[in-house]
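*Asks:* please find the sequence and the predicted model below.
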Amino acid sequence: MRLPADYHMHTPLCRHATGEPSEYAAHALEVGLKEIGFSDHSPMRQDNFDDWRMRLDQLDEYVEKVARARRDHPTLVIKLALEVDFLPGHEDWIRELASRHPWDYLIGSVHYVSDSWAVDNPYKLSEWKSRDPWEVWSIYFERLAMAAESGLFEIIGHADLPKKFGFYPKQDLTPLFARFLESAKKAGVALELNTAGLRKDCKEIYPSPRFVQMMFQMGIPITFGSDAHAVGEVGKDLKAAVELATTVGYTEYRKFTARKWQVAQICSNEG
Ligand SMILES: [Zn+2]
Ligand SMILES: [Zn+2]
């Protein structure tokens, strides 16, 4: 199987990943990838916002690390991107970030359902225990729809992230996801099939098979990402993501250059 482009990976600058971009690139070539994209956690305007992203004064260093990976591995296509946290009110900051470097794409992700709680933060698990999961999922998908509609992003990251630790509401999530997909469809954004979920308690790709099926039925374009935070995770489980995509009917995915998309074929055949 020829692997699709892996568009989601991090660097040590975010303080919870290991390995240099150049090492990620070397591993990408080893596992047969032809194209990758770095999308580390974007800086906030205020560095003290949290402790799991690069500082603002490290943005140039990030771009330089990616440039070095390109110089070291000229046969690999390497895209420059960011995984940007979407919070309501941060739009101007995101526009400012977008203008600072020639990004190939921006992934818009919702981690925060309030200014102080990121639902995927393992150090804040106790928050989940004191909240109604339905309320959390509802806020999450509202914010995700706002992210899609903002027009600030080419890709929406890990669209059902609140499942990470297995806190599901009793209610059917389908209407929440369907409403979000209407926004995504109108905005023309792609949704990422992110394999990191397989390595978490939920043991499932983000988004779930049921959601990916709904995405296909609505004609929502996709991208692929391992969300690698370590060298060995580059390209991880992309075969499973390809299988999920092709099982529901996808034959194509999106690649990006200078924030413009092009269609690429998903190759599910052996060889
Ligand atoms: Zn991360
Ligand atoms: Zn993320």
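*Replies:* That came in fine, so what should we check first? Ligands and ions are numbered 1, 2, ... in the order given.
*Asks:* pLDDT-wise, which helix or strand of this structure ranks last?
*Replies:* Least confident element among the helices and strands of the chain, by mean pLDDT, DSSP states H and E: helix 125-129 (a mean of 95).
*Asks:* and the contacts of that one?
*Replies:* Residues outside helix 125-129 that contact it (C-beta atoms under 8 Å, 6 or more residues apart in numbering) are 117, 119, 136, 165, 167. No exception for glycine: its C-beta is placed from N, CA and C like everyone else's.
*Asks:* in the chain, which spans are helices?
*Replies:* Secondary structure of the chain by DSSP state H: the helices cover 21-30, 59-72, 91-98, 125-129, 133-149, 174-187, 209-217, 238-248.
*Asks:* out of these, flag the one nearest residue 46.
*Replies:* helix 91-98 (9.5 Å; C-beta to C-beta).
*Asks:* just the C-alphas of the closest one, formatted as CSV.
*Replies:* Extracted in CSV, the C-alpha atoms of helix 91-98 (Å, rounded to 0.1, in the frame of the first residue of the first chain):
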residue,chain,number,x,y,z
GLU,A,91,-9.6,35.0,15.5
ASP,A,92,-7.5,38.1,15.2
TRP,A,93,-4.6,36.4,16.7
ILE,A,94,-5.0,33.4,14.4
ARG,A,95,-5.1,35.8,11.4
GLU,A,96,-1.9,37.4,12.6
LEU,A,97,-0.2,34.0,13.0
ALA,A,98,-1.3,33.0,9.5
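*Asks:* that helix to helix 59-72, inter-axis angle?
*Replies:* Relative orientation of helix 91-98 versus helix 59-72 (axes from the mean of the first three to the mean of the last three C-alpha atoms, to 10 degrees): 40 degrees.
*Asks:* and the angle from helix 91-98 to helix 133-149?
*Replies:* Using the same axes, to 10 degrees: helix 91-98 against helix 133-149 is 50 degrees.
*Asks:* and residue 76, backbone torsions?
*Replies:* Backbone torsions for residue 76, taken as degrees, to the nearest 10, come to phi -100, psi 130.
*Asks:* shouldn't it be in contact with residue 35?
*Replies:* Yes. In this structure, residue 76 is within contact of residue 35 by C-beta atoms under 8 Å, at 7.1 Å.
*Asks:* state the number of residues packed around residue 150.
*Replies:* The number of residues packed near residue 150 is 18, by other C-beta atoms under 10 Å.
*Asks:* for it, which residues are in contact?
*Replies:* 86, 91, 94, 108, 187.
*Asks:* quick check: PyMOL command selecting the buried ones in the residues you listed.
*Replies:* In PyMOL syntax, the buried subset of the contacts of residue 150 is picked out as below (16 or more other C-beta atoms under 10 Å):
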select buried, resi 86+94+108+187
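*Asks:* is residue 264 bridged to anything, and to what?
*Replies:* Beta-bridge partners recorded for residue 264 (DSSP bridges): residue 253.
*Asks:* can you pull the phi/psi pair for residue 120?
*Replies:* phi -100, psi 0.
*Asks:* ok, and the closest non-adjacent residue to it?
*Replies:* Distances taken as C-beta to C-beta, 6 or more residues apart in numbering place residue 164 nearest to residue 120, at 4.9 Å, with adjacent residues excluded.
*Asks:* ok, now how distant is that neighbour from residue 198?
*Replies:* Distance of residue 164 to residue 198, given as C-beta to C-beta, to the nearest Å: 11 Å.
*Asks:* have a look at those two and say which one is more surrounded.
*Replies:* residue 164 (21 against 16).
*Asks:* for residue 244, see how far away residue 232 is.
*Replies:* Residue 232 is 22 Å from residue 244, by C-beta to C-beta.
*Asks:* more neighbours, these two?
*Replies:* A direct count of neighbours by other C-beta under 10 Å for residue 232 and residue 244 places residue 244 higher, at 21 against 13.
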